[in-house]
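Chemist: Okay, here's the prediction I keep looking at, along with the sequence it came from:
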Amino acid sequence: MRSVVYGAGAIGSVLGARLHRAGHDVVLVARAGHVNAINEKGLRVFGIEEYVVEVAASSDPSVVKGADLVFLTVKTQDTKTAVEEFSPYLEDSAYVVSLQNGVRNPEIIASIVGEERTVAGVVRFMASYLKPGEVEYTWKGNCIIGEMEGTVTDRMKRIAEYVSPTVETRTSTNIGGEMWTKLILNLINIPLALTGMSFPFGFRDEHLRLITEAAWSEGVDVARAAGIKADYQDLEMWLGLLKDGARRNAWMSQLSPDIRVHPSTHQALVRGSTDESDYLTGEIIRLGVEVGVETPVNTLLMQKIQDVLRSSSIEYVESEDLWRQIEDAKTT
């Protein structure tokens, strides 16, 4: 099969590099600066794996023509524009696989190319964009794909088999719940971005743990009230790491001391690009209003990140100061 990774930033570049190394015919579609650097010197991957790959890269959406799979890795706010760009070149038999944050992307994609060509997915590995032509593979995880109606079809199995040699991939009969689970975990993005801390070693900071626990707990409360079938066992495991020092220390002792994961929100601040917090934290706030669950913690965090995004410079806040503000917000 031939594939295209459309919107190859951090996640898409690592996926594309690993597909190429596995011998797959793959093309990366990215912004001109990244494309030019890749075509001149190859794509350099650092982190838990280090290598250079001479993978094909282009900024032309017409490279989608002839592809069997299009892995979409743009931010949610760019999904509609991206799909409209490449849809005229999409083969009738091709599938668009959403490997993005948030929960809205499959619906947006399907509205343009049809449900029969749309596959929902979740990325559970982590990467950072360093500069044009260079990315860092920071956390080895997996991918999850599935049909929105909850069946495991032959096409799901074929796609999983295609990707698994490069990134462990499994199918799910509850992909909607998996997407919401990832969204709730992404509520840590704003606290990390505001404080300038990285994952997972930001967990050593008491106040960041308290902030994250409060944000995650709100997300869980909202999801439960809305009847969302998230993976609450997984979410409780992460909450448990925040609360149980012995478990947390044992877990962190197994990690490489070189791991420094800065979330997409922080990367957007540094690069001055658009941020998708409105489709992550904002989603919880909106749903909270619908189901009658107050979200003072995430509402404050959203206001704080919007203030920073509007400013011309980044000024990190001390986690203790941020926690005090959150405590005040919870009591007013």
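Modeler: Perfect, thanks for sending it.

Chemist: going forward, measure contacts between C-alpha atoms and count neighbours the same way
Modeler: Noted.

Chemist: What are the boundaries of the strands in the chain?
Modeler: Ranges of strands within the chain are 2-6, 25-29, 43-47, 51-53, 56-58, 69-72, 95-99, 118-123, 126-131, 134-139, 143-146, 169-171, based on DSSP state E.

Chemist: Which elements pack onto the fifth one?
Modeler: Packing partners of strand 56-58 (3 or more Cα pairs under 8 Å, 6 or more residues apart in numbering; DSSP states H and E): strand 25-29, helix 32-41.

Chemist: most packed of the ones you listed?
Modeler: Among those, strand 25-29 has the highest mean neighbour count (mean count of other Cα atoms under 10 Å), at a mean of 24.

Chemist: re earlier: closest to residue 302 out of the helices and strands packed on strand 56-58?
Modeler: Residue 302 lies closest to helix 32-41 among these, at 29.9 Å (Cα to Cα).

Chemist: and that closest one, what does it pack onto?
Modeler: Short answer (3+ Cα pairs under 8 Å, 6+ apart): helix 32-41 packs on strand 56-58.

Chemist: in the lengthiest helix in the chain, what counts as buried?
Modeler: When the chain is parsed with DSSP state H, its longest helix is helix 206-225. Residues 207-220, 222-223 are the ones in helix 206-225 that count as buried (16 or more other Cα atoms under 10 Å).

Chemist: Show me what it is packed up against.
Modeler: helix 175-185, helix 189-195, helix 232-243, helix 281-291, helix 296-310, helix 319-331.

Chemist: angle of the fifth one against helix 319-331?
Modeler: Angular relation of helix 296-310 and helix 319-331 on a 0 to 180 degree scale: 130 degrees, by axes from the mean of the first three to the mean of the last three Cα atoms, to 10 degrees.

Chemist: Helix 296-310 to helix 206-225, inter-axis angle?
Modeler: Using the same axes, to 10 degrees, the direction of helix 296-310 lies 120 degrees away from that of helix 206-225.

Chemist: If you count neighbours, what's buried in helix 296-310?
Modeler: Judged by neighbour count using 16+ other Cα under 10 Å, the buried positions of helix 296-310 are 296, 297, 298, 299, 300, 301, 302, 305, 308, 309.

Chemist: Looking at the residues you listed, which is nearest residue 35?
Modeler: Relative to residue 35, the closest of the buried residues of helix 296-310 is residue 309; by Cα to Cα it sits at 26.5 Å.
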